[in-house]
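>>> Pasted the sequence and its predicted model underneath.
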Amino acid sequence: MMITVTYRIETAGSVEAMGAKIASDQSTGTFVPVPGETEALKARVAARVIAIRPLEPATTPSWPEAPSDHGPIHRADVDIAFPIDAVGTDLSALMTIAIGGIFSIKGMTGLRVVDLKLPPEYGAAYPGPQFGMPGSRRLTGVEGRPIIGTIVKPALGLRPMETAELVGELIGSGVDFIKDDEKLMSPAYSPLKERVAAIMPLILDHEQKTGKKVMYAFGISHTDPDEMMRNHDTVLAAGGNCAVVNINSIGMGGMAFLRKRSGLVLHAHRNGWDVLTRHPGIGFDFKVWQQFWRLLGVDQFQINGIGVKYWEPDESFVESFKAVSTPLFSPADCPLPVAGSGQWGGQAPETYRRTGRTTDLLYLCGGGIVSHPGGPAAGVHAVQQAWEAAVADIPLETYALDHPELAASLKTFGGKDA
């Protein structure tokens, strides 16, 4: 069985030579022959180039390694197969062998990992999502439409009782999901234990009165896995059912440790991913990177959205949505996609159209809900109305004629980041 990695190689020299060097350097090769290096050994564990697909040349190098008189900069997608006998199913080994060392190789002016195909052994080795989309829908009681969520704003500075006051208003708005901002974990002014103690009674009381339990995702990330588990246990013991996990910050080991013991829906925030991907000629494609975290067990995956307030173009969101919605080995390993960043009802029609006319997502609006001129409840209704219009193929302006919350939202947020 083979692991196939696709590298987008950019070089002023030979693409074929650079592909062969990656295969050699990342498996059996060294800079000089060594005792014990036999053809039989190479046949068993050596990586090899299996396909090269030329691309249009680049006009400027992604890295400034080319000589000033370099001529054309050659580009190609190169598939390299790694025997699973050499890598195993350990994700840290996969990251080290197939990805970690390649960026130090000389002679390339750009390098990006654009695809990864794993054999079934990986599906058997890792748990994948515990709750995923079905569990998120069951716990929120939402079917047939997007789960509508919001974020506690301002992100930093509110003390536990101040946070609870805002959350109480949001719970009464009809929202399905609320989360701590990813920057809020357990600072001195708002320790997690105190925040949980202030918020969870409101959620449970609302559930008892209405039958609806709003899902609240508390920030539990911590460098120390044991401390992170204590944070998890604090939320679970208080009746909570969801946690925000900053996956780049806790690392793969922290995520594996948490997933094995978790009773919470794990909402993955990908902050830091931009460091790995923002340059189009260097780093990772999201479709590669997200496979590691899905195998490790994230249940909900934030992937930005349409018309975001950050750098990411709409096409990147669409590709990310497709990636997390495509099974790796079975439909059960798909997390719930979470569209966020500057979202309000105005992006609902385009989101619906560009994601294959699906409502299987968590639609996360911060200011687009809490800053609605009619208050958070009107903000929630406006987003719900926008999705009703999108699914019915009715222009928002038309639907707003007899939906005042949507009309106010269009007037307030139209053409603005929310």
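Structure's in. What do you need?

>>> lowest-confidence helix or strand of this protein?
Lowest on mean pLDDT, DSSP states H and E among the helices and strands of the chain sits helix 39-45, with a mean of 62.

>>> where in the stretch 1-150 of the chain is pLDDT low?
Residue ranges of the stretch 1-150 of the chain with pLDDT under 70: 28-44.

>>> try 90
1, 26-46, 59, 64-72, 86, 100-101 (pLDDT under 90).

>>> need the helices for it, in chain order.
With helices called from DSSP state H, counting those that start in this stretch, the stretch 1-150 of the chain shows them at 15-25, 39-45, 84-87, 91-94, 120-125, 132-140.

>>> quick one: which of those is nearest Tyr399?
helix 132-140 (24.2 Å; C-beta to C-beta). All C-beta atoms are positioned from the backbone trio N, CA, C, and that covers glycine.

>>> Export the helices of the stretch 1-150 of the chain as CSV, with columns for mean neighbour count and distance to Gln208.
Output for the helices of the stretch 1-150 of the chain, formatted as CSV (neighbours: other C-beta atoms under 10 Å; distance: least, C-beta to C-beta, whole Å):
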stretch, mean neighbour count, distance to Gln208
helix 15-25, 19, 59
helix 39-45, 11, 60
helix 84-87, 16, 51
helix 91-94, 18, 42
helix 120-125, 14, 40
helix 132-140, 19, 16
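
>>> JSON lines for those, including distance to Ser62?
Output for the helices of the stretch 1-150 of the chain, formatted as JSON lines (distance: least, C-beta to C-beta, whole Å):
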{"stretch": "helix 15-25", "distance to Ser62": "14"}
{"stretch": "helix 39-45", "distance to Ser62": "31"}
{"stretch": "helix 84-87", "distance to Ser62": "27"}
{"stretch": "helix 91-94", "distance to Ser62": "24"}
{"stretch": "helix 120-125", "distance to Ser62": "30"}
{"stretch": "helix 132-140", "distance to Ser62": "36"}
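
>>> Among the ones you listed, which comes closest to Pro313?
helix 132-140 (25.4 Å).

>>> who's in contact with that closest one?
129, 131, 143, 147, 176-177, 213-215, 241-242, 265, 299-300, 332-336, 360, 362 (C-beta atoms under 8 Å, 6 or more residues apart in numbering).

>>> let's see it at 7 Å
143, 147, 176-177, 215, 241, 265, 299-300, 332, 334-336, 360 (C-beta atoms under 7 Å, 6 or more residues apart in numbering).

>>> Just the buried residues of those residues.
The neighbour count (16 or more other C-beta atoms under 10 Å) marks 147, 176-177, 215, 241, 265, 299-300, 334-336, 360 as buried among the contacts of helix 132-140.
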